[in-house]
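Visitor: I would like the atomic coordinates for the input below:
(one chain, ligands or ions: 2)
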Amino acid sequence: MTADCIFCKIVKGETPTEFLYQNENLVVFRDIRPHTPVHILIVPRKHIRSINDLTETDSRIISEMIFVAKETAKKESVSASGYKLLFNVERGGGQVVFHLHLHLMGGWKR
Ligand code: 5GP
Ligand code: ZN
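Guide: Ligands and ions are numbered 1, 2, ... in the order given. Coordinates of the predicted model:
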């Protein structure tokens, strides 16, 4: 836990954020400023700054995040139409919240 990390606060339930799904390792919620019709974040409970900071022991959580993204895409009815999964890495890569998260983006009209 990093005291001033907004996503640490969210995963601990300290903000009024509605979870679409949660388990002991991660939480799933909608992006507050969606860039696409469906824009969801998959966030590990563990505070990891970015993909750069992953260690061998984090490999399970990464695969779980991708699996949960797939399941969430199905629930949001974007599996067939298609979607993007995105990690922004550090400032140059567009990261603004320095707690690892996977963007699930889809739902574009044809
Ligand atoms: P990044 O650019 O770091 O990959 O993406 C961070 C995302 O988190 C942004 O799309 C931003 O809109 C979202 N975000 C930032 N603060 C909050 C918040 O307090 N609640 C929610 N639901 N999303 C947030
Ligand atoms: Zn954090």
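Visitor: any idea which element I61 lies in?
Guide: Element membership of I61 [criterion: DSSP states H and E] is helix 59-75.
Visitor: Check which helices and strands that helix sits against.
Guide: Under the contact criterion of 3 or more Cβ pairs under 8 Å, 6 or more residues apart in numbering; DSSP states H and E, helix 59-75 touches strand 21-22, strand 26-30, strand 38-44, strand 83-86, strand 102-106. Just so you know, the C-beta spots here come from the backbone N, C-alpha and C atoms, and that holds for glycine as well.
Visitor: State the distance from the residue positioned nearest the centre of the chain to S81.
Guide: Nearest to the mean C-alpha position of the chain, counting by Cα atoms, centre = their mean, stands I42 at 2.3 Å. Distance, I42 to S81, by Cβ to Cβ, to the nearest Å: 19 Å.
Visitor: And for C5?
Guide: The value you get for C5 to S81, if Cβ to Cβ is used, is 33 Å.
Visitor: Can you get me a residue count around E18?
Guide: Look at E18: counted by other Cβ atoms under 10 Å, it has 6 neighbours.
Visitor: which one is it nearest to, not counting chain neighbours?
Guide: F29 (6.4 Å; Cβ to Cβ, 6 or more residues apart in numbering).
Visitor: For that neighbour, name its beta-bridge partners.
Guide: Beta-bridge partners for F29, by DSSP bridges, are L41.
Visitor: T36 reaches L86, doesn't it?
Guide: No: using Cβ atoms under 8 Å, T36 is not in contact with L86; the gap is 10.3 Å.
Visitor: okay, and the common contacts of those two?
Guide: Residues touching both T36 and L86 (Cβ atoms under 8 Å, 6 or more residues apart in numbering): M105.
Visitor: so who does Y83 touch?
Guide: Shown in contact with Y83 (Cβ under 8 Å, 6+ apart): 38, 73, 104-107.
Visitor: change it to 7 Å
Guide: By Cβ atoms under 7 Å, 6 or more residues apart in numbering, the contact list for Y83 reads 73, 104-106.
Visitor: Fine, thanks again, bye for now.
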